[in-house]
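# here is a sequence with its predicted model. Questions after.
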Amino acid sequence: MSEPLLQAVNLQCERDERILFRDLSFSVLPGTVTRVEGANGSGKTTLLRILAGLNDAWSGDLYWCGEPRARQRESFLRNMLYLGHRPGIKPLLTPMENLRALMAGRRPVSDEVLSRALEGTGLAGYQNVPCRNLSAGQQRRVALARLLVADEPLWLLDEVFTAIDADGVRAIESLLQQRAAEGGAVVVTTHHDLTLPGMQRIVLGGGLTDDE
Amino acid sequence: MTSNPVRVQPVVEGVGVAGAMKAVFLRDMKVAFRQRQDLLNPLLFFVMVVTLFPLGVSPEVSFLREAGAGILWVAALLSVLLSLDHLFRHDFDDGTLEQLVLQPQPLFLLVLAKTLAHWMLTGLPLVILTPVLGVMVHQPGNSIGILCLTLLIGTPVLSLIGSIGAALTLGLRSAGVLLSLLVIPLYIPVLIFGTGTVAAASEGAPVGAYLALMGAFLFLALTLAPFASASALKISMSNS
């Protein structure tokens, strides 16, 4: 078995004097998809933000490639891609400009590759239309285009299926599966009924189960 | 899509700090120029305050010569204050700020790039307009030069200090009042030395010491404010 990319040990998080989860331990291995489930308000997004390092209100231990994450900040951020439910898209910029700006901080990517990624998410012909003229689903697709050019091994995706049509959902499902086959690790929160072979499930307000 | 197996990449194979800062700066500029009325607001406020003052108080040459520099400085300070809430707010709402915090480069440098863009879009236009408005409030030529110089050194300080307040109040729904209360006390020394420099110059006193102090403010703010803003941003992120 390969070394886990991300390992959580006894995570506990309290929000508004309510314990969202405690003693939560799990590993995210390369080549796996992990689905975080739970009712509304059970802390799915909070858990994902904790894993991404956006939320500091937690206790327990987080390890990145076997070392405490706090000491591996740069390596962790370089190799982790987080998509929140706010898509990170500027409404005044075009999909191309948005994607270019998002990639500029991570890895130099040529415009051709970015343009092809946008076409890959069904935005062919919309590359140079300001994002505020696009629908909510199309805006999400701009954010999702990043997944097609990403080289980060760990993806943390919060509610990726929101506002995406049925074809898009199938495309994302197969993308996640392909990603896992290539050796990437994906953690996703969703209400959508996502079932992939070998998928690990973290049920908040419940426990950890393996889907095999 | 990657053809070779996905693996953990070494940190060095990323984008350098300078490249990332440039990208942040250019994106902010581009967004601002797509929304020009937001850009004009602080400028219009500045011009209005300075024009209304003689009408409201006194159009006497002797009064305006005495108070002109102070009026310009206060108007500039308030107009920077008005624009502060936009510094991080839009980015926070659309999620680009999350992505900024998660970039592998040191956050304080990215914040510095954002603050620099903010100054270029608000502080710098004020400095450029100052000679015209200075003539309007009967400032002598020599004073106008010094006034521009103090604003050129002073407005970046206002943007830098303001970025701390903007970052701290990001998670709050009605940030406006609190932001002003937090930031204004820190603006007061800059205002006092800014107007003091012009007053000294108009009396023919040497201004070297004043300018040196203002320069010290600028470098202190340049070195410390980005760290404070970056930490404040992380706190605001954590609570959202």
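Here it is on my side, so go on. Values in this document were obtained by computation on a predicted structure and should not be read as measured data. Numbers count the residues shown, from 1 in each chain, chains lettered A, B, ... in the order given.

# pLDDT score assigned to A:Met103?
At A:Met103, the model reports a pLDDT of 89.

# chain neighbours aside, what residue packs nearest to B:Val50?
Excluding its sequence neighbours, the residue lying closest to B:Val50 (Cβ to Cβ, 6 or more residues apart in numbering or on different chains) is B:Leu133, at 4.7 Å. Backbone N, C-alpha and C define where each C-beta goes, glycine included.

# so what's the residue nearest the centre of chain B closest to, chain neighbours aside?
Residue closest to the average C-alpha location in chain B (Cα atoms, centre = their mean): B:Ser159, at 2.1 Å. Nearest residue to B:Ser159, sequence neighbours excluded (Cβ to Cβ, 6+ apart): B:Trp119, at 4.2 Å.

# and that neighbour, which helix or strand is it part of?
For B:Trp119, the host element (DSSP states H and E) is helix B:107-121.

# again with A:Glu3
With DSSP H and E as criterion, A:Glu3 is part of no helix or strand.

# now do the contacts for it.
If a contact means Cβ atoms under 8 Å, 6 or more residues apart in numbering or on different chains, then A:Glu3 has A:65-66 as its contacts.

# which stretches of chain B have low pLDDT?
Low-confidence segments of chain B, defined by pLDDT under 70: B:1-5, B:11-14.

# biggest helix in it by residues?
The longest helix of chain B (DSSP state H) is helix B:208-238.

# now that helix: buried residues?
Within helix B:208-238, the residues that count as buried by 16 or more other Cβ atoms under 10 Å in any protein chain shown are B:210-211, B:213-214, B:217-218, B:221, B:225-226, B:228-234, B:236-238.

# give the contact list for the nearest residue to B:Gln35 once chain neighbours are set aside.
Excluding its sequence neighbours, the residue lying closest to B:Gln35 (Cβ to Cβ, 6+ apart) is A:Leu92, at 6.0 Å. Counting by Cβ under 8 Å, 6+ apart, A:Leu92 touches A:130-132, B:31, B:34-35.

# narrow those to just the buried residues.
By 16+ other Cβ under 10 Å, the contacts of A:Leu92 give A:130-131, B:31, B:34 as buried.

# just those: which are in helices?
Per DSSP H, the subset of those in helices is B:31, B:34.

# can you list the buried ones among the contacts of A:Leu92 in CSV and add distance to B:Val101?
Formatted as CSV, the buried ones among the contacts of A:Leu92 follow (distance: Cβ to Cβ, whole Å):
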residue, distance to B:Val101
A:Pro130, 25
A:Cys131, 21
B:Val31, 18
B:Arg34, 23
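
# of the buried ones among the contacts of A:Leu92, just say which sits nearest to B:Gly176.
B:Val31 (21.4 Å; Cβ to Cβ).

# per-residue pLDDT of the nearest residue to that closest one once chain neighbours are set aside, please?
For B:Val31, ignoring the flanking residues on the chain, the nearest one in space by Cβ to Cβ, 6+ apart is A:Leu92 at 5.2 Å. We have a pLDDT of 93 for A:Leu92.

# please apply the same query to the one 3 residues further on.
According to the model's per-residue confidence, A:Pro95 sits at a pLDDT of 94.

# repeat that for A:Ala57.
88.

# any idea how far A:Gly125 is from it?
44 Å (Cβ to Cβ, to the nearest Å).

# does any part of the longest helix seen in chain A sit near chain B?
With secondary structure taken from DSSP H, chain A has its longest helix at helix A:166-182. Yes. Residues of helix A:166-182 contacting chain B under Cβ under 8 Å from any Cβ of the partner chain: A:179, A:182.

# now do the buried residues in that helix.
For helix A:166-182, the neighbour count (16+ other Cβ under 10 Å) marks A:168, A:171-173, A:175-177, A:179-180, A:182 as buried.

# quick check: the farthest pair among these?
A:Gly168 and A:Glu182 (20.7 Å).

# mind giving me the packing neighbours of the longest helix of chain A?
Packing partners of helix A:166-182 (3 or more Cβ pairs under 8 Å, 6 or more residues apart in numbering or on different chains; DSSP states H and E): strand A:33-37, helix A:136-149, strand A:185-189.

# any idea of the angle it forms with strand A:185-189?
140 degrees (axes from the mean of the first three to the mean of the last three Cα atoms, to 10 degrees).

# just the angle between helix A:166-182 and strand A:33-37, please?
Going by the same axes, to 10 degrees, helix A:166-182 makes 130 degrees with strand A:33-37.

# how close does B:Leu186 sit to chain A?
Distance from B:Leu186 to chain A, counting by Cβ to the nearest Cβ, to the nearest Å: 26 Å.

# quick one: the helices in the chain, in order.
All of this is about chain A. With DSSP H as the criterion, chain A has helices at A:44-52, A:73-78, A:95-104, A:111-120, A:136-149, A:166-182.

# switch to chain B, that's the one I care about
B:17-34, B:36-56, B:61-84, B:86-94, B:96-101, B:107-121, B:123-136, B:141-168, B:176-202, B:208-238.

# out of those helices, nearest to A:Leu11?
Of these, nearest to A:Leu11 by Cβ to Cβ is helix B:208-238, at 15.2 Å.

# mind checking how far the closest one is from the chain centre?
In terms of Cα atoms, centre = their mean, to the nearest Å, the centre of helix B:208-238 is found 11 Å from the chain centre.

# what's that helix packed up against?
Judged by 3+ Cβ pairs under 8 Å, 6+ apart, helix B:208-238 is in contact with helix B:96-101, helix B:107-121, helix B:141-168, helix B:176-202.
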